[in-house]
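Trainee: I'd like to go over a predicted model; first the sequence, then the structure.
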Amino acid sequence: MKKAVILLSGGLDSATCLAVAKRDGFACYTMSFDYGQRNRAELNASRRLSEAAGAVRHVVFPLDLRMWGASALTDDAIAVPKECASAGEVPATYVPARNLVFLSLATAWGEAMDCRDLFIGVNDVDFSNYPDCRADFIAAFSRTATLGTKAAANGEKWMIHTPLQNLSKKEIIMLGVSLGVDYSQTVSCYDADSDGRACGVCASCRLRKAGFSAAQIPDPTRYR
């Protein structure tokens, strides 16, 4: 089986991404980040999801992004917004260069175990205006990863798999359900409590609720 590193936050999208990688026959190595995020319950969710999916190995990489904050997810002085951002506006929940940093570390782990496939659950449809979720960013990173590692010397390329890139939240949920994802085990809320119960009103919760409603699938999310 080919190896793949799957970036797993513990949320709905990354859980679906893991299920796709498993369906496609990859030996899954899951990677989460303890970066000082407000929602730490997602780390417990990522462990549960990795175990349920039969991941070969799950690692949680310590990374203190609270050192500079500048995001509602890493700075307690910035409140989590309860409304979705307007068109073109980068919301307060954007963590500076987060996916750039995460993909770089996933590339390092992949190279260490002779793997050239990464999976990330970015999306261009039902997303929150995050610049590091766009297809052009992923394409540019793939080329950079190839040029900056042994892959270039060996005539290989990095493949950054983004199976959710052009799917709506409804379509993502329907795909995940078809692959047996237990969404009750995921945590997507930006402001979940220590038990992983969602606030129900942040942008992530709103998108998630709307997705289940559009898919006509009962929402298994635990709300406080």
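Mentor: That came in fine, so what should we check first?

Trainee: okay, buried residues for the worst-scoring helix or strand of the chain on mean pLDDT please.
Mentor: Within the chain, confidence by mean pLDDT, DSSP states H and E is lowest for helix 150-153 among all helices and strands, at a mean of 92. Buried residues in helix 150-153, counted by 16 or more other CB atoms under 10 Å: A151. (Glycine included, C-beta is placed from N, CA and C.)

Trainee: and that helix, how far from the chain's centre?
Mentor: 27 Å (CA atoms, centre = their mean, to the nearest Å).

Trainee: quick one: contacts of that helix?
Mentor: With contact meaning CB atoms under 8 Å, 6 or more residues apart in numbering, helix 150-153 is reached by 111, 116, 145-146, 157-158.

Trainee: and what of stretch 41-60?
Mentor: Outside stretch 41-60, the residues that reach it (CB under 8 Å, 6+ apart) are 3, 6, 8-11, 14-15, 18-19, 22, 27-34, 109, 182, 185-187, 192-196.

Trainee: so which of those belong to helices?
Mentor: Counting by DSSP state H, the contacts of stretch 41-60 place 14-15, 18-19, 22, 109 in helices.

Trainee: hmm, back to that, would you turn the contacts of helix 150-153 into CSV with pLDDT?
Mentor: Formatted as CSV, these follow (pLDDT from 0 to 100):
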residue, pLDDT
E111, 97
R116, 98
A145, 97
T146, 96
K157, 96
W158, 97
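
Trainee: farthest-separated two in the residues you listed?
Mentor: Pairwise distances across these (CB to CB) peak at 12.7 Å, for the pair E111 and K157.

Trainee: strands paired with the longest strand anywhere in the chain, and their directions?
Mentor: Counting residues, the longest strand in the chain under DSSP state E turns out to be strand 27-34. Strand 27-34 pairs in its sheet with strand 3-7 (parallel), strand 57-62 (parallel), by DSSP bridges.

Trainee: so which of the ones you listed is the most surrounded?
Mentor: Mean neighbours per residue, mean count of other CB atoms under 10 Å, is largest over these for strand 3-7, with a mean of 24.
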